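>>> kindly generate the corresponding structure for this input.
(2 chains)
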Amino acid sequence: MLKVFHCDFYIHTCLSPCAELDMHPRAIVEKALAAKLDIIAICDHNSSENIPHIINAAKGKNIKIFPGMEITTSEEVHFLAIFDSLSDLDLMQEFIYQHLAGHNDEDRFGVQAVVNEKGEVEAINDKLLIGATDVSLNVLLNYVHKLNGLAIAAHIDRENFSVLSQLGFIDESMQFDALEVTPLMGLAKARIEYPKLSKYSFIMSSDAHYLNNIGTAVTKIMLEASTLSELKMAFARQNGRHILE
Amino acid sequence: MNIATIAKELNLEIRSAKDRLKNIVTGGYTGDLLSDVMANSQAGDIWITRQVHQNIVAIATLKEHAGIILVNSCEPAKETLERAIKENVPIMVSNLSAFELTGKIYFLLTAAK
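Here you go, the predicted structure:
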């Protein structure tokens, strides 16, 4: 039976240099539950080491975690990649790290902490996660789809790091499964603002960097279950699955 | 001043539309954010950029730019080159940085006036 799921596919953790350290796995899960979210995706910049810990923190709880990543392309476009399994995400991660140069500078960009479900710091990531990969958007989109993932253009209404700011427009060559807008824009206004993008499903998310951001933006989606294949159908508006606008 | 003169003066390597080098350059614009280039560049501009994605060809056509110069020896992506050849948009490559190239072209254009 189809029912409405409350979703936020764009939550950072303390692994992202720009997110607060309080964004550790257990706190994120607790906050997401308090916000009555049914499905969340964790998307750190070019990284994913906290996701197994988030999944552990959510064990036995009434919330689904999709493994994800916010990927930076060589054009400096940000997009979200969401996967069904950790093994698919791990392959994506391997590819991303092969193509991401540089070392983090904590004083300038922030700390990149891997924290387990008990709140213990397991490692500090020293890669330049805030940097860009040297792989183009279309190659990355193909790679995500090869791993059965979904690709969502991030914050298309923002004037930096969005596909529209970097590349001007979205055309057929870019195989996005959905487009994401900020809560400032909202879905209704986005439909008016982007008439040429009417064939795409739009979502709205928190892009949470602080615990208090979680729950500030929700996309309601009609699904039968909290699986990636259901979400894929919703993005394609198939079999009754769809996003409530 | 036409593209051929600029290409010769600055040792640009021409990658597409060799028959369009008589295009007159009336000004220039330097930028990598295509939304900004779309909003602020003018027809007749030579566009200096580090962006190699195929959308640069569409923007240059739309804005009626005289041509595109890629900086830091960056080559156009395969699809970008194919599209530039098909749409007859001159793409050139310079080994200079955007800063240096912009300065030199600005000087050439101002001196010619």
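
>>> got the confidence number for the spatially closest residue to B:Q51 that is not a sequence neighbour?
Closest residue to B:Q51 apart from its sequence neighbours, by C-beta to C-beta, 6 or more residues apart in numbering or on different chains: B:D32 at 4.8 Å. For every residue, glycine as well, the C-beta is placed using N, CA and C. Here the pLDDT value assigned to B:D32 is 95.

>>> roughly how far does B:D32 sit from A:R237?
35 Å (C-beta to C-beta, to the nearest Å).

>>> check A:K220 too.
14 Å.

>>> contacts only, for the residue in chain A that chain B sits nearest to.
Chain B sits closest to A:G168 of chain A, with a gap of 3.3 Å, by C-beta to the nearest C-beta. Contact analysis of A:G168 by C-beta atoms under 8 Å, 6 or more residues apart in numbering or on different chains lists B:34-35, B:37-38, B:55, B:58-59.

>>> who has more neighbours, B:D32 and A:R237?
The residue with more neighbours, out of B:D32 and A:R237, is B:D32; 17 against 12, by other C-beta atoms under 10 Å in any protein chain shown.

>>> give me the element that one is part of.
According to DSSP states H and E, B:D32 maps onto no helix or strand at all.

>>> how far away from the center of its chain is stretch B:23-38?
Distance of stretch B:23-38 from the chain centroid (C-alpha atoms, centre = their mean, to the nearest Å) equals 8 Å.

>>> what's the end-to-end length of it?
Stretch B:23-38 has an end-to-end distance of 20 Å (C-alpha to C-alpha, to the nearest Å).

>>> may I see the buried residues of that stretch?
B:23, B:25, B:28-35, B:37-38 (16 or more other C-beta atoms under 10 Å in any protein chain shown).

>>> near chain B, which residues of chain A show up?
Residues of chain A lying close to chain B (C-beta under 8 Å from any C-beta of the partner chain) are A:75, A:136-138, A:159, A:164-169, A:171, A:173.

>>> the longest helix in chain A is where?
As assigned by DSSP state H, the longest helix anywhere in chain A is helix A:86-98.

>>> could you dump the contacts of A:G168 into a markdown table and include distance to A:I63 and secondary structure?
Formatted as a markdown table, those follow (distance: C-beta to C-beta, whole Å; DSSP: H, G, I helix; E, B strand; the rest coil):
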| residue | distance to A:I63 | secondary structure |
| --- | --- | --- |
| B:L34 | 38 | helix |
| B:S35 | 37 | helix |
| B:V37 | 43 | helix |
| B:M38 | 42 | helix |
| B:N55 | 39 | helix |
| B:A58 | 42 | helix |
| B:I59 | 43 | helix |
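
>>> ok, so of those residues, who is nearest A:M204?
Nearest to A:M204, judged by C-beta to C-beta, of the contacts of A:G168 is B:S35 at 20.8 Å.

>>> in stretch A:135-150, what counts as buried?
Result for stretch A:135-150 [16+ other C-beta under 10 Å]: buried residues A:135-138, A:140-141, A:143-144, A:147, A:149-150.

>>> got the contact list for residue 92?
I went with chain A, as the question did not name one. Counted by C-beta under 8 Å, 6+ apart, A:M92 has contacts A:48, A:69, A:81, A:83, A:143-144, A:147, A:149.

>>> if you could check chain B rather than the one you did, that'd help
B:3, B:7, B:12-15, B:67-70.

>>> hmm, back to that, now the longest helix of chain A: average pLDDT?
pLDDT averaged over helix A:86-98 gives 98.

>>> just stretch A:113-127 next, same as before
In the prediction, stretch A:113-127 has an average pLDDT of 97.

>>> now do stretch B:37-53
Averaging pLDDT residue by residue across stretch B:37-53 gives 96.

>>> quick check: buried residues in that stretch?
Within stretch B:37-53, judged by 16+ other C-beta under 10 Å, the buried ones are B:37-38, B:41, B:45-49, B:51-53.

>>> next one: stretch A:158-176
A:158, A:161-170, A:174, A:176.

>>> now that stretch - C-alpha only, CSV.
Provided in CSV are the C-alpha atoms of stretch A:158-176 (Å, rounded to 0.1, in the frame of the first residue of the first chain):
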residue,chain,number,x,y,z
ARG,A,158,22.1,28.7,-5.4
GLU,A,159,24.6,31.0,-7.0
ASN,A,160,27.6,28.9,-6.2
PHE,A,161,28.4,25.2,-6.8
SER,A,162,25.1,24.5,-8.5
VAL,A,163,24.7,23.0,-12.0
LEU,A,164,23.0,26.2,-13.1
SER,A,165,25.6,28.5,-11.7
GLN,A,166,28.5,26.5,-13.1
LEU,A,167,27.1,25.2,-16.4
GLY,A,168,24.3,27.7,-17.1
PHE,A,169,21.6,25.2,-17.9
ILE,A,170,20.6,21.5,-17.7
ASP,A,171,20.4,19.6,-21.0
GLU,A,172,19.7,16.0,-22.1
SER,A,173,23.3,15.0,-21.7
MET,A,174,23.1,15.3,-17.9
GLN,A,175,21.3,12.2,-16.6
PHE,A,176,19.9,13.6,-13.3
